[in-house]
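Asks: Structure for the following, please:
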Amino acid sequence: MKGDLLKGSRCVVTGASRGIGKAIAEAFAKCGADVLITYVSNKAKADETVAEMEKYGVNAYSFRCDAGNEEDTKKLAGYIKEVFGSIDVLVNNAGAIGEEAPITQITSDEWDRIMRVDVKGVFLATKYLVPLFDKDRTGKIINISSELSVKGRANYTHYTAAKGAVNAMTRSLALELAPHILVNTVAPGPIETDMILQDMSSEWVEKEKNIPLGRLGSVTDISAVTVLLASKYGEFYCGQFISPNGGAVFI
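Replies: Numbering: from 1, shown residues only. As a prediction, this is how the structure comes out:
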């Protein structure tokens with residue numbers, strides 16, 4: 001995916017030092033966009049992502065921001081205004097999966113942590129970055145959810161509840177911000193990321209492949225959808241739930 005499909009666009013991707021966020025940021029850069037990514041702890045990986053994006057001749061930046069922290073998000077908005085002036089695309093990707101546990105063993109602290117990152121993070125980024133959208137162009141907000149928000153998963157009630165909230169936020173924001181800003185959800189299915197391969201057993205990975213397409217998805221399967229939505233070809237999508245999931249769930 002190369003060319004000038006997003007040339008002139010200024011894009012922000014939260015939580016993009018690795019995994020799906022990194023793939024989205026690099027796909028935007030390949031298509032000619034200037035990109036700012038956020039990270040919370042892994043500055044080295046964020047720097048690597050910035051260096052990869054700069055190879056495509058675009059402007060690329062990183063900024064440390066805890067997605068669920070309001071002061072961090074205010075500072076992020078100030079930095080974006082400084083380097084970009086205004087923006088065209090926001091991808092709310094930053095999030096956490098949480099610890100696998102039955103509902104009786106999920107602690108209140110763990111519940112609050114997932115809600116703070118996955119739900120409050122989307123709220124804060126949207127609240128403080130919407131005023132920065134270019135008034136003369138159609139803006140795009142892409143919220144990254146999960147197919148599990150529809151399918152459900154035992155022992156991940158906190159995560160599925162958080163992503164269900166993101167879906168609902170997308171629909172309300174789509175009504176609130178259209179036609180100036182188009183808001184949509186991308187809900188990946190089982191995707192092969194470094195986090196999955198490092199943190200999950202080989203048995204778990206093989207079980208995830210038990211879907212009609214018989215494989216895990218790649219991060220490019222997701223980044224391709226976000227490029228579509230961010231581009232001029234995504235301007236009739238509003239409040240939609242798009243789920244590249246290999247047939248894991250039919251929606």
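
Asks: low-scoring stretches of the stretch 51-200 of the chain, by residue?
Replies: Per-residue confidence of the stretch 51-200 of the chain (counting by pLDDT under 70) places the weak regions at 194-200.

Asks: quick one, helices of it?
Replies: 70-83, 108-115, 121-129, 148-151, 157-177, 194-199 (DSSP state H, counting those that start in this stretch).

Asks: Residue 232: what's it in contact with?
Replies: Taking C-beta atoms under 8 Å, 6 or more residues apart in numbering as the definition of contact, the neighbours of residue 232 are residue 5. All C-beta atoms are positioned from the backbone trio N, CA, C, and that covers glycine.

Asks: State the distance from it to residue 71.
Replies: Distance, residue 232 to residue 71, by C-beta to C-beta, to the nearest Å: 36 Å.

Asks: One more: residue 162?
Replies: Taking C-beta to C-beta as the criterion, residue 162 is separated from residue 71 by 22 Å.

Asks: So which of the two has more stuff around it?
Replies: Higher neighbour count among residue 162 and residue 71: residue 162, with 27 against 10, using other C-beta atoms under 10 Å.

Asks: Report how far apart the opening and closing residues of stretch 193-203 are.
Replies: By C-alpha to C-alpha, to the nearest Å, the extent of stretch 193-203 from end to end equals 16 Å.

Asks: ditto for stretch 227-243
Replies: 14 Å.

Asks: Tally up the residues packed near residue 47, please.
Replies: Residue neighbour count, defined by other C-beta under 10 Å, stands at 13 for residue 47.

Asks: give the contact list for the closest residue to it other than its chain neighbours.
Replies: Among residues not flanking residue 47 along the chain, residue 62 sits closest, at 6.7 Å (C-beta to C-beta, 6 or more residues apart in numbering). Neighbouring residues of residue 62 by C-beta under 8 Å, 6+ apart: 17, 36, 37, 38, 39, 43, 46, 47, 49, 50.
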